[in-house]
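K.L.:
Predicted model follows, preceded by the sequence.
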Amino acid sequence: MTDDPSLDIFVCTAERLDPEEGSPVSVGGIGYQWAIKFASSIELDETSEQALEQALSLRDTSGGMVRTVTVSEPKADGVPLFGVARGADAAIHAVAEGYVEEKLEWSATATAVALADVIDSYDFDLVLTGAQSGTRRAGYIGHGIAARLALPCVSLVTDISLTDENSLRVRREVTGGAEQILEVPIPAVLTVYAANRNPYTTTSKIMRARKQADEKIREVEVDVRSRPDEQGSLVTPQEGTRRTELLEGPPEEVAEDLVSRLHTDEALR
Amino acid sequence: MKGIVVAAEMWDEELDSTFELVRYGRRLANDFDEPLVVVPTGKTADADATLSSLLGKGVLSVADEFVDVDSGLLLEGNPAVNEGLLSRIFTERRPRVVLVAQTPHGLDIAPAVAARTDSSYYGNCVELSRVGSGLRAVRAVYEGKMHEVHELPADRPAVVSVQPSAIPDPGGLSAEAEPTRTDPSVVEWSVEDELTVRVVENREPDRTDVDVSEAEVLVAGGMGVGSEDNLDLLFELASALDGAVACTKPLVDLGWLPKARQVGITGERVEPRLYVACGISGQREHVDGMREAETIVAVNTDEQAPIFDVADYGIVGDLSEVLPVFTRRVTEEG
């Protein structure tokens, strides 16, 4: 932990992945214009992006610095670049060697350990991660980092403020639509679930970040090979029991049809 | 290593997902011929009353063991207390599996317990079954577009979080059933010296305006509503249907509607007679809170939106064209 009252924050960022959209975006080793185009189109995983926004907002009010750290395959350097373009002071690209060539299965536990070990090599006050990725919805990474670093962890955080040099006040979601206000000692790990939305990253910011890449983005190698108990097989799920009946036609006819059906189903009384 | 442990979550009241998970745990325990241990977790302002209610609903009748924790432990719903409690039970008992519902509380403690105890973790599961001497877990990944199938090793304990809406009703939980054990064990655990996270305040959503969990008809809006002004279309339809307006989390984050109207994992879980989803894509966060509605109508411009996987009737079209006509038709009927 640093001694001054400002916050040195690590944010774990990841790209939004979709099995129908192919592999992570790479902006390294390709033409400059293409780099701009691809980096402009990068989407961070939703809660990962919210974590970054919370970190930037906290830095802007409390002082300090924001570093992003991303585990990905060697060529997928778009996320670190995106973080710098969005306003991070520095980025660490934790390169998972062999990820593609050896067709390694991604491991949540190994990724958490790798992130924790990278973070632990710096002075820091706070680690933010997304609450859960759209990919797996497991919500493990933040807790895995906290366990590795023996730090407290609070999840589903929606607001963060610095109360004094030793503690934070956080708001978080709990079951049933309720909220909880907690006091959390620093250093800590928080998994973020909401943030104010910022404007899109502009092309000029991407261009500036690209020019600063050598200075601001550092590469390290990590190993994220999965344990046998983490290895599973992907299958396409069977269709659900409920099948949507699409009502088509002019709005008047569709409305009449729908009302009739809802009466039949006793959904309208 | 044997036994099934169920985290019976309470949040000042008994949750339907808790009873569903206990029943599910009973079925798994029967499949393995191993004991079912139920551990209360979460938050209870009146611990004795809530625990009595839990027992009165028949939890004790299907559990082989009920861990009666010190009632004061769960008073504030401190995440560190819950995590520590379940981690301790996990470490001492070394069960085959700990089942946790994938609620916000479950998302808090399940990965935490797995990480702190260096156990296997399978989040967002939609199916569990015995295969040979081990457990087969099916996880929903990529927003449910794919399933990931795991064969859990028999010699490694695991923490599993289960989507409440995915749990089939195996029946068998009845207050009339004979308890298999009438002397539940008591866990005594002091946490005063260990706590680093302090609860300052618990805030309930303000339901004075509306309680969407009680509404028989809900007209819900998502990001596809497009603008705050377009919410008027939803309120007009809700009025014609004698219902209420609900929404997804992003609309609350934008400040367009209050938290009390949010439906989803971190909002209200609703089961209305009719649910009209307007401009809602169908993300898991929202769908898990409304899929039990009797009849679901979805209106969306994107024919591929996942909401059409759960709706009974779908209309592919612009809200500003569809809703006024639907509202007028309902009003004429009325």
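P.N.:
Received it, and whenever you're ready, just let me know what you need.
K.L.:
B:Ala114 belongs to a helix?
P.N.:
Yes. Under DSSP: H, G, I helix; E, B strand; the rest coil, B:Ala114 falls within a helix.
K.L.:
That one and B:Val100 touch, don't they?
P.N.:
No. The criterion here is C-beta atoms under 8 Å, and B:Ala114 misses it with B:Val100 at 9.7 Å. From N, CA and C alone the C-beta is placed, and that goes for glycine too.
K.L.:
Give the residues shared as contacts by the two.
P.N.:
Common contacts of B:Ala114 and B:Val100 (C-beta atoms under 8 Å, 6 or more residues apart in numbering or on different chains): B:Val159.
K.L.:
Helix, strand, or coil at the residue in chain A that chain B sits nearest to?
P.N.:
Among all residues of chain A, A:Ala138 sits closest to chain B, at 3.2 Å; criterion: C-beta to the nearest C-beta. The three-state label given to A:Ala138 by three-state DSSP is coil.
K.L.:
tell me the contacts of it?
P.N.:
A:108, A:132, B:111, B:121-124, B:139, B:161.
K.L.:
okay if I get these as a markdown table plus distance to B:Tyr275?
P.N.:
Compiled in a markdown table, those are given as follows (distance: C-beta to C-beta, whole Å):
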| residue | distance to B:Tyr275 |
| --- | --- |
| A:Ala108 | 34 |
| A:Gln132 | 24 |
| B:Pro111 | 31 |
| B:Tyr121 | 33 |
| B:Tyr122 | 30 |
| B:Gly123 | 27 |
| B:Asn124 | 23 |
| B:Arg139 | 26 |
| B:Ser161 | 25 |
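K.L.:
Show me those residues that map onto helices.
P.N.:
A:108, B:111 (DSSP state H).
K.L.:
contacting residues for A:Thr191?
P.N.:
A:Thr191 is in contact with A:47, A:51, A:128-132, A:139, A:141-143, A:153-157, counting by C-beta under 8 Å, 6+ apart.
K.L.:
Just to be sure, it is in a helix?
P.N.:
No. According to three-state DSSP, A:Thr191 belongs to no helix; its state is strand.
K.L.:
Now the residue of chain A closest to chain B. Its backbone dihedrals?
P.N.:
In terms of degrees, to the nearest 10, the main-chain angles of A:Ala138 are phi -90, psi -30.
K.L.:
Which pLDDT does the model give it?
P.N.:
What the model reports as pLDDT for A:Ala138 is 79.
K.L.:
Then B:Val5?
P.N.:
94.
K.L.:
what about it, neighbour count?
P.N.:
27 (other C-beta atoms under 10 Å in any protein chain shown).
K.L.:
What helix or strand is it located in?
P.N.:
Using DSSP states H and E, B:Val5 falls within strand B:4-11.
K.L.:
Which residue, other than its chain neighbours, is closest to A:Leu162?
P.N.:
On the basis of C-beta to C-beta, 6 or more residues apart in numbering or on different chains, the spatially nearest residue to A:Leu162 that is not a chain neighbour turns out to be A:Ser62, at 4.6 Å.
K.L.:
pretty sure the one you found contacts A:Leu7?
P.N.:
Yes. Using C-beta under 8 Å, A:Ser62 is in contact with A:Leu7, at 5.1 Å.
K.L.:
between those two, who's got more neighbours?
P.N.:
Between A:Ser62 and A:Leu7, counted using other C-beta under 10 Å, A:Leu7 has the larger neighbour count: 24 against 18.
K.L.:
How much space separates the more buried one from A:Ile217?
P.N.:
As judged by C-beta to C-beta, to the nearest Å, A:Leu7 and A:Ile217 stand 21 Å apart.
K.L.:
All set now, cheers.
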